[in-house]
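Asks: Based on what follows, work out the 3D shape:
(chains A, B, C and D)
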4 protein chains.
Amino acid sequence: MTEYPTSIGRSDADSITLLGHDLAGELMGQVGFGELAFWLVAQRRPSAGELRVFEAVLVALADHGLTPSAIAARLTLTGAPESVQGALAAGLLGGGSRFLGTTEDCGRMLATALATGPVPDEDAAYDELATRVVTEARAARRVLPGLGHPVHKVTDPRTPVLIALAHESGVYGPHLRLFEAIGRVHPAIIGRTLPLNGAGVCGAALADLGLPVEMLRGFALLARTAGLLGHIAEEQRRPIGPAVYEQVDRATDYRAD
Amino acid sequence: MTEYPTSIGRSDADSITLLGHDLAGELMGQVGFGELAFWLVAQRRPSAGELRVFEAVLVALADHGLTPSAIAARLTLTGAPESVQGALAAGLLGGGSRFLGTTEDCGRMLATALATGPVPDEDAAYDELATRVVTEARAARRVLPGLGHPVHKVTDPRTPVLIALAHESGVYGPHLRLFEAIGRVHPAIIGRTLPLNGAGVCGAALADLGLPVEMLRGFALLARTAGLLGHIAEEQRRPIGPAVYEQVDRATDYRAD
Amino acid sequence: MTEYPTSIGRSDADSITLLGHDLAGELMGQVGFGELAFWLVAQRRPSAGELRVFEAVLVALADHGLTPSAIAARLTLTGAPESVQGALAAGLLGGGSRFLGTTEDCGRMLATALATGPVPDEDAAYDELATRVVTEARAARRVLPGLGHPVHKVTDPRTPVLIALAHESGVYGPHLRLFEAIGRVHPAIIGRTLPLNGAGVCGAALADLGLPVEMLRGFALLARTAGLLGHIAEEQRRPIGPAVYEQVDRATDYRAD
Amino acid sequence: MTEYPTSIGRSDADSITLLGHDLAGELMGQVGFGELAFWLVAQRRPSAGELRVFEAVLVALADHGLTPSAIAARLTLTGAPESVQGALAAGLLGGGSRFLGTTEDCGRMLATALATGPVPDEDAAYDELATRVVTEARAARRVLPGLGHPVHKVTDPRTPVLIALAHESGVYGPHLRLFEAIGRVHPAIIGRTLPLNGAGVCGAALADLGLPVEMLRGFALLARTAGLLGHIAEEQRRPIGPAVYEQVDRATDYRAD
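Replies: Prediction:
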C-alpha cells in the first residue's frame, strides 16, 4: 500500500505534533515564528546567531513600497474584496525571476562557484575565484545576480548591515565572503563599479546558513507575505486600487497594432 | 494630480524607509520577523506581551500535516517544479471559508457580539451575553465558528495553552473571555459539549490584540505560508505528489453521470 | 477501497476518452472549443441555438480593456516573465464579487425569485414578480445585481443584442424575461432609470440555458481567460507594466498613517 | 504624460470596442469563442482552415482526467468553496514546465531549428535537419520535447488525427513537417522508437499557424481552463476532495527525516 512519508506534522484526537514536538506543550509560546519557519524548511532548529541573521534577511526583504507585486495584490482586492487569500496569492505570483529571483539566483551562483573546488581559506584565493566567476559571466554575456540596482546606484544600505550582522553573529561564511570578493574584483574586469545589492546579500547569507538553494526564493516569498499583508490591510482602510485603475484607464491610448 | 498615499515604505538612492524607520539602520537585526508582520498590519509596534501571544498564534496555525492545502501545493509543484511561488500560491488559495476562515469568523462573531452593548465586566455578564449568542445561532441554525473540531472531539490542546499565555502576558481581554463563556454555557443550550477549537481561540486572541477583524484570515495565511514552505521543501527532497496522482488515477471510477 | 468517480475523462495506453467519446476519433476537428466547454460543465451537448447564445456570452465577457484584472496580470508578468500561468492566475483572481461576480449574482437572483412559485406565463405576471423582487431589495437596502453600470449609464449595448440573439435562437426563457421585467418596473419603484447591464444579461441568458448557477462565475472566468491571454501577449510584445509601476511609484505620497 | 497603448479594447458611455470592432454590433453572435481567443492573441482573424486546427488543438488539450492539476483545483475548492476563481487559479498554476510546458517547448524547439537556415523544401532535407536536432540533443543529454509519453507508449492517438486535420485544412507547414521527420529519424539515432506525443504535435501545429512561441503555453492554459471548469462543476455536484484528503491522511507515515 502506498504511504506518504512526512516529517512535518500530524495530529490525533488528543495531540498535535509538529517537527517531532508537541505543538501545544513544547512550541507555542516557546518558539518564535521566524524560528519555526527556519526549522520547518531546514528540519533543524537554528542557533541564536543563525536566527538573528535569518530574521534580519526576512526584515530586509519584507517590503519595497508600491512595487508591481504590491499593486497587483491591491488591484486584485479591488475586484475580489472578499478574498484576502486571492489578493495575497496574486501578489506572490509576481515574485518570479525578475524581482524575488535575485536572492535565489545569487545564492545558487555562489554555491555553484564554491562547489568547483575546495573552499578557499584566504582573501587572495576568494579574489581569484571571484575573478573567474566575473570573467566567465562577462564572456558569456550573463548578468551576475546580486550586482547592481536600479535605485541604489552607489550602495545598497542593506548590504553592509547584513554583512556586519553575520560577523557579529558568528555565521559569516564562504558565500558572503565570495560575494564580497566579487564586489572587490568586478570593477577592474567590467570597467565600472556596481553595488552589491540587498537581494543578493540576502541570498549569500541564507546560503551561509546552510539552507537549500532551491528554497531561497521561498524565504523571499515568506518575507514578502508580511509586506503584502501590510499593503492589503492598508488597501482595506484606504484603497488606492480604484484610483490606479482610473488613472491607467484615462491614459489608455487605444490603437490598432 | 492623483497621488497614492501609503504609510508602509519607500526608497530612494541612499535609503530605504519602512514604517517611518530606516530599514538598514533601525530595523534589520533589531526587529523580529513576527514583530514586523504585526507592525505592518496594525501600524504600531506590539508590546512584548502582545508579541508573545501573536507569535504563539502564528505557531499554532502554521501547519496541520497533509491537509488539502498542503497536498494542493505539492501537486502544483509536481506540474511546475520551477515555480515555488506558484505552488505556494496554490496552497494559500485553499485558505478560504472552510479551513482558515474559522479564525476570522470567530474573531468577527465575538467582536460583533461585544459591539451590541457595553463591554461586560464580570463572568456572569459574559455568560449572559454568551447565552444570547449561542441561543440566537441555534435559532437561526447557524454554526458557531470556533466550536467543535473533526479530530479533537473533547479538547483541542491549543486552546488552554493560548488562554494561559494570554493571561501570563497581560493581554487576556473581552474576546477570549466571551469565547470561554461560550464554552461554559453552550452544553445546556445545545445539549452536547463541544470543544473550543484552536482556530477559534486564535481568532479571539488576535481580536484581543486589537488587530482588525477583516485581516484575521491574513494572519492565518501568514502562519500557513511557513507550513507550506516546509511542505514544498520536503516535496523537493522527497516527493509524494506523483504517488498521490498515481493513487488517485488508479482508483478513478470512470462512468457516465 | 476508496474510489473516485468522474464522468469527465480517462486515458489508457491506446485511447483517450472524454465525456464518453473517443477524443481523437470523435471530438477533435468535430466539436468546437466553446461547445466542449459547455458540454464539460453541463454534461450534455448544447443544441445549435444554445451554442450560439453561449458563445455570444463568452464573447461579450471576454474583455473590457485595461481593467484591474488585466493590469494585475501584466504587473505579475513584469516580475515573473517566465510564468505565463502565474500572470493568468493573478488576473483571474480579481474575478471576484465586485467584477465578474455580477453574472453569477444576477443569474442566482433571478433563479431564486422564479423558484418561489410556478413559472409565470405572461408579461403581467412577470411584472408582478419583478415588482416584488425590486421592492424587497429596496426595503433590505440590497443592490440588485445586473442593474446599473459605472460607464454605460443609459444603455449597455450588449443587452439588447443578447436578448435578440436568444429570441432568434429559440432559447429566450424565464430568466431573461424576468430580467426584462425588472428593467420595466424598477423606475417607478426606485425613482430613477438604470440600464440592464451586460454582465447581468449574460447571467440571465446562461441560466436560461439550464447551466448551474454556482458555475456562472466559472463561465465569466473562461471568457476572461481569452481576454487576459490577449493582454499577456500584448505585454510580451509591448510592455506597459514597468510604466504603470513607475507612474505609481512617482505619485506615491509616503506619510505616517 | 505617460500613455498606455493597447490594441485590445476600450469602452465609453455608448459603445464597447474590441479589436477595432463594435463588440455588440459586429462580434457577439458572429464570432465564435475559439476564434476570438485566436484573434486576441494573434491580432488577426484566423481563416476557416486555421480555426479548425486551432480548435482541434484546444479540444485535444482540454482535459486528461484526474491529473495533479485537476486534483489541486478540487482540493482548493474543498477549503474555499466560495471561490471558484481560486480553485481555477490553483489548477492552472500546475500548468508549468512538466505538464503543459511540452506544447510550448516543442514549438520553440522546432522554430529554433528552422531558424538556423532556409526552410527545407523536401523530405530529405527535413530528415537531415531532424537528424541534426536529435543528434545534438542526445549529445547534450537533453530530452527532446514532444517525444515519448508515460501512458501512450506506442502511439498517441491525437497525433495522426491532428496531422491529418492540418493537411485537410491547408495549414500543414514546416513545424509539423520537421516534427514528423523527427519521428522518422530518431529510432536509428537513439536506439528505440518513441511516439510523437499529443502535447508536442499541438505545439507544432500552433507554430505552423504563426502564433508566437512564447504564447503557446497560454493556449494550453486556455484549453485546460475548460477542463478544470468541468472538474470544478463535478466537484460541486459530487465532491471527491474530502475523500482524497482522508485517503492521504490515513496513509501518512509520520517520521523524523
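Asks: ok, and for stretch A:147-167, which residues are buried?
Replies: Across stretch A:147-167, burial judged by 16 or more other CB atoms under 10 Å in any protein chain shown covers A:147-149, A:152, A:156-159, A:161-163, A:165-166. Backbone N, C-alpha and C define where each C-beta goes, glycine included.
Asks: Tell me which entries of those residues lie within helices.
Replies: Residues of the buried residues of stretch A:147-167 located in helices (DSSP state H): A:158-159, A:161-163, A:165-166.
Asks: hang on, the earlier thing: just the buried residues of stretch A:147-167: which has the poorest pLDDT?
Replies: Lowest in pLDDT among these is residue A:152, which has 85.
Asks: wait, doesn't residue A:107 sit right on residue A:204?
Replies: Yes - Residue A:107 lies in contact with residue A:204 (CB atoms under 8 Å); the separation is 6.3 Å.
Asks: Run through chain A and note the low-pLDDT ranges.
Replies: Along chain A, segments meeting pLDDT under 70 span A:1, A:256-257.
Asks: Just flag the most distant two among the buried residues of stretch A:147-167.
Replies: Using CB to CB, the buried residues of stretch A:147-167 span at most 22.6 Å, a distance reached by A:148 and A:165.
Asks: Just list the residues touching residue A:40, thanks.
Replies: A:8, A:19, B:62-63, B:226-227, B:229-230, B:233 (CB atoms under 8 Å, 6 or more residues apart in numbering or on different chains).
Asks: Please apply the same query to residue A:159.
Replies: Listed by CB under 8 Å, 6+ apart, the contact partners of residue A:159 are A:195-198, A:201.
Asks: ok, now how distant is it from chain D?
Replies: Taking CB to the nearest CB, to the nearest Å as the measure, residue A:159 falls 32 Å from chain D.
Asks: what residues do residue A:107 and residue A:204 have in common as contacts?
Replies: Both residue A:107 and residue A:204 are in contact with residue A:175, where contact means CB under 8 Å, 6+ apart.
Asks: Any quick PyMOL command for the buried ones out of the contacts of residue A:159?
Replies: This is the PyMOL syntax for the buried subset of these, where burial follows 16+ other CB under 10 Å:
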select buried, chain A and resi 195+196+197+198+201
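Asks: Doesn't residue A:10 belong to a helix?
Replies: No - per DSSP: H, G, I helix; E, B strand; the rest coil, residue A:10 lies outside any helix segment and is strand.
Asks: May I have the beta-bridge partners of the spatially closest residue to it that is not a sequence neighbour?
Replies: Nearest non-adjacent residue to residue A:10, counting by CB to CB, 6 or more residues apart in numbering or on different chains: residue D:254, 4.3 Å away. Beta bridges link residue D:254 to residue A:6, judged by DSSP bridges.
Asks: thinking residue D:254 is in contact with residue A:6, fair?
Replies: Yes - between residue D:254 and residue A:6 there is a contact under CB under 8 Å: 6.1 Å.
Asks: The two: which is more packed in?
Replies: The neighbour count for residue D:254 versus residue A:6, taken as other CB atoms under 10 Å in any protein chain shown, is higher for residue A:6 (23 against 16).
Asks: quick revisit: and which of the contacts of residue A:159 is nearest to residue D:184?
Replies: Set against residue D:184, the nearest of the contacts of residue A:159 by CB to CB is residue A:197 (50.7 Å).
Asks: and that closest one, what is it in contact with?
Replies: Applying CB under 8 Å, 6+ apart, one finds that residue A:197 lies in contact with A:102, A:146-149, A:152, A:156, A:159.
Asks: Nearest to chain C among these?
Replies: Nearest to chain C among the contacts of residue A:197: residue A:102, at 11.2 Å, using CB to the nearest CB.
Asks: burial of the closest one, as a residue count?
Replies: Using other CB under 10 Å, residue A:102 is surrounded by 24 other residues.
Asks: cool, and the one 4 residues further on?
Replies: Counted with other CB under 10 Å, the burial measure for residue A:106 works out to 29 neighbours.
Asks: next one: residue A:3
Replies: With other CB under 10 Å as criterion, residue A:3 counts 12.
Asks: With residue A:112 instead?
Replies: Around residue A:112 there are 11 residues (other CB under 10 Å).
Asks: Which helix or which strand is home to it?
Replies: Assigned by DSSP states H and E, residue A:112 falls within helix A:101-114.
Asks: Give me the buried positions along that helix.
Replies: Buried residues in helix A:101-114 (16+ other CB under 10 Å): A:101-111, A:113-114.
Asks: again with stretch A:184-204
Replies: Here stretch A:184-204 shows A:185-186, A:194-204 as buried, counting by 16+ other CB under 10 Å.
Asks: residue boundaries of the strands in the stretch 51-200 of chain A?
Replies: Here the stretch 51-200 of chain A has no strands by DSSP state E, counting those that start in this stretch.
Asks: Residues contacting stretch A:184-195, please?
Replies: Counting by CB under 8 Å, 6+ apart, residues outside stretch A:184-195 touching it are A:127, A:130-131, A:134-135, A:138, A:144, A:147-149, A:152-156, A:159.
Asks: Which part of the stretch 1-150 of chain A gets nearest to chain B, residue-wise?
Replies: For the stretch 1-150 of chain A, CB to the nearest CB, closest residue to chain B: residue A:40, 3.2 Å.
Asks: Could you list the residues of the stretch 1-150 of chain A in contact with chain D?
Replies: Within the stretch 1-150 of chain A, the positions lying close to chain D (CB under 8 Å from any CB of the partner chain) are A:1-7, A:9-10, A:17, A:20, A:43, A:80, A:82-83, A:85-86, A:89, A:93.
Asks: are any of these buried, and which?
Replies: In the residues of the stretch 1-150 of chain A next to chain D, burial by neighbour count holds for A:4, A:6-7, A:9-10, A:17, A:43, A:80, A:83, A:85-86, A:89, A:93, counting by 16+ other CB under 10 Å.
Asks: Not counting its neighbours along the chain, what's nearest residue A:16?
Replies: Nearest one to residue A:16, counting by CB to CB, 6+ apart, is residue A:23 at 4.2 Å.
Asks: picking up where we left off before, possible to save the buried residues of helix A:101-114 as a markdown table with distance to residue A:32?
Replies: Shown next, in a markdown table, are the buried residues of helix A:101-114 (distance: CB to CB, whole Å):
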| residue | distance to residue A:32 |
| --- | --- |
| A:101 | 27 |
| A:102 | 26 |
| A:103 | 21 |
| A:104 | 24 |
| A:105 | 28 |
| A:106 | 26 |
| A:107 | 23 |
| A:108 | 28 |
| A:109 | 30 |
| A:110 | 28 |
| A:111 | 27 |
| A:113 | 33 |
| A:114 | 30 |
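Asks: In this structure residue A:154 contacts residue B:12, no?
Replies: No - with contact defined as CB under 8 Å, residue A:154 does not count as touching residue B:12 (11.9 Å).
Asks: Show the residue spans covered by the helices in the stretch 151-257 of chain A.
Replies: Remark: helices assigned in the stretch 151-257 of chain A by DSSP state H, counting those that start in this stretch are A:158-168, A:174-190, A:198-208, A:216-237, A:241-250.
Asks: I'd like those helices as a markdown table, with distance to residue B:50 appended.
Replies: Output for the helices of the stretch 151-257 of chain A, formatted as a markdown table (distance: least, CB to CB, whole Å):
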| stretch | distance to residue B:50 |
| --- | --- |
| helix A:158-168 | 25 |
| helix A:174-190 | 34 |
| helix A:198-208 | 28 |
| helix A:216-237 | 16 |
| helix A:241-250 | 30 |
